[in-house]
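Undergrad: predicted structure and sequence below. I'll ask about it afterward.
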Amino acid sequence: MYAIIADGGRQYKVEEGQELDIDLRDAVSGDEITFDQVLAVSGDDGVKVGQPVVEGASVTAEVLAEVKGDKIYVQKFRRRKDSKRRTGHRQRYTRIRVSKISG
């Protein structure tokens, strides 16, 4: 059984027990998050596709931790101007585990 959810302008295909990183939320480890924007649900009776969301469907997930993504470097360079700049960035995410898909 899987579901396709929308969160933060992105779509995720999730299954029960799966861990994934979503945009940072103000949540503590152990909290429950419910996603109500379920675009599609697959089950024993086939696939239900919403228009745009499936009525009565939801995905419940448990917050595991706050994690950081890979470090990326941004370099700005102007030739022959003796101008160089290098900065780094690490995006912060909330790691969740999908516990229940209903709908």
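TA: Structure's in. What do you need?
Undergrad: so how far is residue 80 from the residue sitting nearest the centre point of the chain?
TA: In the chain, the residue lying closest to the centroid (CA atoms, centre = their mean) is residue 22, at 2.8 Å. Going from residue 22 to residue 80 by CB to CB, to the nearest Å gives 44 Å. In this view, the C-beta of every residue, glycine as well, is placed from N, C-alpha and C.
Undergrad: roughly how far apart are residue 31 and residue 94?
TA: Taking CB to CB, one finds residue 31 at 10 Å from residue 94.
Undergrad: neighbour count: these two, which is higher?
TA: With neighbours defined as other CB atoms under 10 Å, residue 31 and residue 94 compare such that residue 94 has more, 21 against 14.
Undergrad: does that one count as helix, strand or coil?
TA: Here residue 94 is strand, with the state taken from DSSP: H, G, I helix; E, B strand; the rest coil.
Undergrad: next, the contact list for it, please.
TA: Neighbouring residues of residue 94 by CB atoms under 8 Å, 6 or more residues apart in numbering: 21-25, 27, 63, 65-67.
Undergrad: of the residues you listed, buried ones?
TA: Burial by neighbour count, 16 or more other CB atoms under 10 Å: within the contacts of residue 94 this picks out 21-22, 63.
Undergrad: what is the nearest of those to residue 72?
TA: residue 21 (15.2 Å; CB to CB).
Undergrad: so the closest one sits against residue 67, correct?
TA: Yes: using CB atoms under 8 Å, residue 21 is in contact with residue 67, at 6.4 Å.
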